[in-house]
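*Asks:* need a structure here:
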Amino acid sequence: MTITIDYIVFEHSFTQIANKLLTCNRLSKYHRLLAVMLNLRNMRINRATPNPNMLLISKKELRYVLDFCIEDNLDKLFRGLRELGIVSTFSKQGGIDGTYSVTLAENLEHNPFVILDMTEKQVIKDCTVLVNNVSKDYFGDFLKFVENAVKSVEAEYVVKIKAGIESLEEYKAYLKTVIVEAGLGTFDDTDNQSSDTLSGNKGDVQSVMESVYIVFCDKYKDSKGISHPVNKRTAIKQISKVFEYCGGDKDMVLGFVDKFFDFYSVKDEPTTALFANDGILSDIRAFVEEGTKPRVFGVEQYKPDAVKKSEQAREAVQVNQGMDKEAMLRKLRGEV
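*Replies:* Residues are numbered from 1 along each chain as shown. Model prediction:
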């Protein structure tokens with residue numbers, strides 16, 4: 001039997017599903033058709049009809065609801081929804097007075113495109129968009145940037161979600177990273193929190209290193225006038241070496257950052273790669289402890305890491321056996 005299109009009030013759970021789908025940007029051109037199908041699905045559930053996702057819809061009524069849409073365009077809409085995983089199957093029977101037989105996919109709220117869309121909206125909501133005086137519509141430019149960033153990785157994360165791989169935090173981190181690195185926005189969770197340390201907050205290790213990364217990038221931009229050229233993932237990995245060298249103390253790492261830019265901002269490229277160099281870390285520590293100024297600028301003066309494995313181990317021991325932590329921090333802060 002063909003179901004006549006008749007709008008009814010959604011129950012709460014169905015309203016939640018409908019809201020997720022009908023506010024999804026990727027489904028925007030399908031919203032009216034989706035509203036029709038979700039209403040019919042809800043009606044079948046309320047009536048305890050078997051297989052509520054299997055719908056039989058009148059062509060004439062559907063075309064009327066969709067602004068007298070021609071049948072070919074209806075076919076395109078159904079094909080698009082099938083490609084996005086919202087519709088499992090669809091077929092049509094009869095002529096003008098015929099019907100569309102449609103099967104909606106199960107667990108629509110778990111559709112990968114819907115999940116990604118919700119994640120993107122949360123990132124945009126959490127972002128403090130920076131005003132760009134060059135553009136009249138800086139927020140529009142920001143949204144276009146996010147859209148392009150999404151397109152470059154969307155297929156990868158759709159596959160991961162379909163495979164049941166936990167990847168939403170990774171996806172969220174990716175979006176935040178490209179936004180921050182492009183200088184388009186900031187996020188509260190990457191603010192500097194000077195009281196945190198690696199050793200004291202194991203669960204916050206990533207956010208602690210990210211906050212140092214933000215400080216480092218700001219100092220680099222102040223020094224060179226351009227954004228830090230090393231991608232965030234690599235830079236944080238390099239910063240983690242400095243954390244290890246400093247015994248996991250964030251305040252000490254930040255002190256090392258200050259000294260690093262005092263000494264290595266003119267002739268060298270003061271990136272995180274140079275900052276994580278054992279020779280330079282040793283120079284900074286020696287200056288703090290003994291007042292010995294660094295050697296001549298230049299990365300080439302230091303031995304490659306592969307040649308210095310034994311020296312790295314020795315440096316780690318020396319930093320622990322030298323000046324105690326409180327004394328080191330006082331020196332870094334310029335206290336007597």
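
*Asks:* burial of Asp278, as a residue count?
*Replies:* 18 (other Cβ atoms under 10 Å). Yep, even glycine has a C-beta here, placed from its N, CA and C like the rest.

*Asks:* Distance check, it against Ser207.
*Replies:* Distance, Asp278 to Ser207, using Cβ to Cβ, to the nearest Å: 26 Å.

*Asks:* which ones are touching Ala235?
*Replies:* 213, 216-217, 228, 271-272 (Cβ atoms under 8 Å, 6 or more residues apart in numbering).

*Asks:* at 7 Å instead, please
*Replies:* 213, 228, 272 (Cβ atoms under 7 Å, 6 or more residues apart in numbering).

*Asks:* hang on, the second one packs against Lys219?
*Replies:* No - the pair His228 / Lys219 is not scored as a contact, 9.2 Å apart, by Cβ atoms under 7 Å.

*Asks:* out of the two, which sits in the busier spot?
*Replies:* With neighbours defined as other Cβ under 10 Å, His228 and Lys219 compare such that His228 has more, 20 against 17.

*Asks:* SS state for Gly183?
*Replies:* Secondary structure for Gly183, judged by DSSP: H, G, I helix; E, B strand; the rest coil, is coil.

*Asks:* would Tyr220 count as being in a strand?
*Replies:* No - assigned with three-state DSSP, Tyr220 falls outside any strand and is helix.

*Asks:* Out of the contacts of Ala235, which sit inside strands?
*Replies:* Judged by DSSP state E, the subset of these located in strands is empty.

*Asks:* Might you specify the subset of these located within helices?
*Replies:* Of the positions in these, 213, 272 sit in helices, assigned by DSSP state H.

*Asks:* Sort out which one of the contacts of Ala235 lies nearest Thr234 for me.
*Replies:* Thr272 (7.6 Å; Cβ to Cβ).

*Asks:* Would you confirm that that closest one contacts Lys219?
*Replies:* No - under the criterion of Cβ under 7 Å, Thr272 makes no contact with Lys219, lying 11.1 Å away.

*Asks:* pLDDT averaged over stretch 215-231 - what is it?
*Replies:* For stretch 215-231, mean pLDDT rounds to 86.

*Asks:* Of all the residues in that stretch, which ones are buried?
*Replies:* Neighbour-count burial for stretch 215-231 flags 215-217, 219-220, 228, 230 (criterion: 16 or more other Cβ atoms under 10 Å).

*Asks:* Please apply the same query to stretch 240-259.
*Replies:* Within stretch 240-259, the residues that qualify as buried are 240-243, 245-257, 259, counting by 16+ other Cβ under 10 Å.

*Asks:* do the same with stretch 91-98
*Replies:* Lys92.

*Asks:* same thing with stretch 175-193?
*Replies:* For stretch 175-193, by 16+ other Cβ under 10 Å, it's 175-180, 184-187, 190.

*Asks:* remind me which residues of the chain are low pLDDT?
*Replies:* Counting by pLDDT under 70, the ranges of the chain that qualify are 1-17, 132-135, 189-205, 264-268, 292-336.

*Asks:* can you tell me which helix in it is longest?
*Replies:* Assignment by DSSP H gives helix 138-162 as the longest helix of the chain.

*Asks:* Mind checking what secondary structure the spatially closest residue to Arg41 that is not a sequence neighbour has?
*Replies:* Nearest non-adjacent residue to Arg41, counting by Cβ to Cβ, 6 or more residues apart in numbering: Pro52, 5.4 Å away. Following three-state DSSP, the label given to Pro52 is coil.

*Asks:* Look up how far Arg285 lies from Lys121.
*Replies:* For Lys121 relative to Arg285 (Cβ to Cβ), the value is 46 Å.

*Asks:* Equivalent analysis for Lys136, please.
*Replies:* In this view, Lys136 and Arg285 are 50 Å apart by Cβ to Cβ.

*Asks:* now Met43
*Replies:* In this view, Met43 and Arg285 are 72 Å apart by Cβ to Cβ.

*Asks:* When these two are compared, which one has more neighbours?
*Replies:* Shown here are Met43 and Arg285; by other Cβ under 10 Å, Arg285 has more neighbours (23 against 20).

*Asks:* what number of residues lie near Asn25?
*Replies:* Neighbours of Asn25 (other Cβ under 10 Å): 13.

*Asks:* now Asp262
*Replies:* Neighbours around Asp262, by other Cβ under 10 Å: 11.

*Asks:* quick one: secondary structure of it?
*Replies:* Applying three-state DSSP: Asp262 is helix.

*Asks:* Please give me every residue in contact with it.
*Replies:* Counted by Cβ under 7 Å, 6+ apart, Asp262 has zero contacts.
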